[in-house]
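Chemist: here you go, sequence then predicted model.
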Amino acid sequence: MTTVSLYAGGMLVEMASLPFGASDITDDIASAFGIRRSQAQRLQSFYGSASASPRDNNEIIELEPGAPTNGDSPRITRAQLVSVIRQRLDAMMGEIGRTLKDLHFVGPIGRQVVLVGGGADLKGIADYTQSALGRAARVGRPRGLHGLPDAHSGPAFATLAGLVLYAASDPVDLRDLPMMAQDVYKPAGTSILHRLMAALKSSF
């Protein structure tokens, strides 16, 4: 799942959810090379990139034994991996771009795209996004929390860190909020079976 949020003046003004995310890239890698999803995730994290390079054709990635690679030794080039990633990214970014347009993401050049979540850890994703959307883009990381472990200082934890800081800055006790009046609607007619069940319950 990908959430597209539009902020103005520090406030959330528009939001949309799209039915895809970084996990789809992992699935594509697993399917393309006939490997387990766990290995696909590892390849995506250590060797994956949103940007292609001529050197990628010369970099060999060893797959786990048993991976079906046309009967040859279990290995692929980084160029093959990046190609699979880019194919999915192109489709995803096209949908994100259309969604931003629907949310009226237009106006001053100063507006920028901030990427958070596990998928934002992909190498070169900010430059790719800037080129694809024609907007300045950066990767968001947790800020303002001291003593955060290195493993939790990446974009995957940016949203969580933001929620913690928001709650700490202005805590709200839901029990103190006024109750909203609710209208309760009952069906016009009640069947004999329902009346019988109600009578039995009232007897015990």
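Modeler: Happy to help now that I have it.
Chemist: what is the burial count for the closest residue to T129 other than its chain neighbours?
Modeler: Here the nearest residue to T129 in space, its sequence neighbours aside, is A137; by CB to CB, 6 or more residues apart in numbering that works out to 4.0 Å. Using the backbone N, CA and C atoms, a C-beta is placed for each residue, glycine as well. Burial of A137, expressed as a neighbour count using other CB atoms under 10 Å, amounts to 19.
Chemist: for A161, same thing?
Modeler: Other residues close to A161 by other CB under 10 Å number 19.
Chemist: so the residue nearest to T129 makes contact with Q112?
Modeler: Yes. Under the contact definition of CB atoms under 8 Å, A137 touches Q112, with a separation of 6.3 Å.
Chemist: all strands of this protein, in order?
Modeler: 2-8, 11-18, 60-62, 75-77, 112-115, 136-139 (DSSP state E).
Chemist: distance to G147 and mean pLDDT for these - can I get that in CSV?
Modeler: Formatted as CSV, the entries for the strands of the chain read as follows, by distance: least, CB to CB, whole Å; pLDDT from 0 to 100:
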stretch, distance to G147, mean pLDDT
strand 2-8, 27, 89
strand 11-18, 28, 89
strand 60-62, 36, 94
strand 75-77, 40, 94
strand 112-115, 24, 92
strand 136-139, 21, 93
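Chemist: hang on, the earlier thing: residues in contact with the residue nearest to T129?
Modeler: Listed by CB atoms under 8 Å, 6 or more residues apart in numbering, the contact set of A137 reads Q112, V113, V114, L115, A126, D127, T129, Q130.
Chemist: one more time with 6 Å
Modeler: By CB atoms under 6 Å, 6 or more residues apart in numbering, A137 lies in contact with V113, A126, T129, Q130.
Chemist: now, the residues you listed that are in helices?
Modeler: The helices in this structure, assigned by DSSP state H, contain A126, T129, Q130 from the contacts of A137.
Chemist: now, among these, which is nearest to P19?
Modeler: Using CB to CB, T129 is the member of those that lies nearest P19, at 19.3 Å.
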